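Engineer: only geometry, no sequence info:
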Ligand SMILES: Nc1nc2c(ncn2[C@@H]2O[C@H](COP(=O)(O)OP(=O)(O)OP(=O)(O)O)[C@@H](O)[C@H]2O)c(=O)[nH]1
Ligand SMILES: [Mg+2]
Ligand SMILES: [Zn+2]
């Protein structure tokens, strides 16, 4: 694993080419957040330097626990002695927000200004949790973050890939999963770090972009990032054999430069996902397959539960909308934004 960044280590490059420049103020992107310190870099240059926040600095109208997140564009100021202070945050293009587990019901901003999220899942080891997947997708829709589903560990069921016999049951599960999410309107990419399957395709999606991997612990987020750029050498760990779950190996949100061009944010595994507040009649807008047909509902607004002449329910009956996705929708309506332990 790479050492932690520090200003002394990056002293020669921080804040610009000459020492004089390091006293200047400027604009940079947050590439790591560790408690009280932030690591900034003036993307697309990779010149990380630490900065602190003095006093209160909050985004307008935000009740977030961490007002500044990885991916945020910030203004900084140097004092001439190598100490940098963040003085302002720029408006966000988008962000990924998760409701905190504690009773304060504050929101936790996972990251900001992300070009694409790779929601990484595995069918087994660890087992997939569709509730979690659907909650994550709803959040991406609500915050305008493009998302691709990465079905990793494809070697577990694709015999032709690993050279082993195909696991028929798992292969059928994979086909079913892919069908549900592709027909809903999502891109699904099967990958295997073990065999290299579709790693090149994934790499192409990262060039010139800021992308982020999210998902349960142990699905292979850090392994995928390493496959994209082996020089990053991020820490990975085998899942626990006793519980067939990940070990929460990655503990920080951190952006890394890719040798192919582009930047990738590796994130800690997510246990559960509390949906941020939404209005009941808005929820179906965050299910692309429902959004496509709901104009034909007889009543406006329609919650697609009890109303007669509901186009969504009709599509479910006809098999055009997956009953599993519809069940997730109903569960979210009922939960009304409550925190849900998605796994482990
Ligand atoms: N069979 C197989 N195993 C994989 C694949 N990708 C990753 N793994 C293994 O899965 C385990 C977990 O990988 P990590 O990359 O640490 O998972 P992570 O999602 O980063 O986990 P956290 O950091 O805890 O959230 C490791 O033992 C990897 O070797 C794959 O494509 N196939
Ligand atoms: Mg990891
Ligand atoms: Zn309806």
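Structural biologist: Perfect, I can see it now. It should be emphasised that the depicted structure is a prediction, and the values quoted were computed from it without experimental measurement. Residues are numbered from 1 along each chain as shown. Ligands and ions are numbered 1, 2, ... in the order given.

Engineer: Specify which residues of this protein, grouped into ranges, have pLDDT under the cut-off.
Structural biologist: 1-23, 56-66, 100-105, 160-165, 336-344 (pLDDT under 70).

Engineer: what residue is smack in the middle of it?
Structural biologist: What sits nearest the mean C-alpha location of the chain, by CA atoms, centre = their mean, is residue 214, with 3.8 Å.

Engineer: now for stretch 276-289, what's the gap between its first and last residues?
Structural biologist: 21 Å (CA to CA, to the nearest Å).

Engineer: picking that back up, the residue nearest to the centre of the chain bridge partners, please.
Structural biologist: Taking DSSP bridges, one obtains residue 119 as the residues bridged to residue 214.

Engineer: ok, and what's touching stretch 227-240?
Structural biologist: 1-2, 125-126, 193, 196, 199, 202-203, 206, 217-218, 220, 222-223, 225-226, 245-247, 249-250, 256, 258-260, 264, 266 (CB atoms under 8 Å, 6 or more residues apart in numbering). No exception for glycine: its C-beta is placed from N, CA and C like everyone else's.

Engineer: does the residue nearest to the centre of the chain really touch residue 114, like I thought?
Structural biologist: No. Contact criterion CB atoms under 8 Å: residue 214 and residue 114 do not qualify, at 9.6 Å.

Engineer: list residues touching both of those two?
Structural biologist: Listed as contacting both residue 214 and residue 114 by CB under 8 Å, 6+ apart are residue 96.

Engineer: For the stretch 51-200 of the chain, what lies in contact range of ligand 1?
Structural biologist: With CB under 6 Å from any ligand atom as the criterion, the stretch 51-200 of the chain meets ligand 1 at residues 152-153, 155-156, 192-194.

Engineer: Show me the residues you listed that map onto helices.
Structural biologist: Cross-referencing those against helices under DSSP state H gives no overlap.

Engineer: Now do the buried residues in stretch 315-334.
Structural biologist: Under the neighbour-count criterion of 16 or more other CB atoms under 10 Å, stretch 315-334 has 315-316, 321-322, 325-326, 328-329, 332-333 buried.

Engineer: Please apply the same query to stretch 83-93.
Structural biologist: For stretch 83-93, by 16+ other CB under 10 Å, it's 84-86, 89, 92.

Engineer: Kindly report the same for stretch 118-135.
Structural biologist: Residues 118-123, 125-126, 128-135 are the ones in stretch 118-135 that count as buried (16+ other CB under 10 Å).

Engineer: which among these gets closest to ligand 3?
Structural biologist: residue 134 (18.1 Å; CB to the ion).
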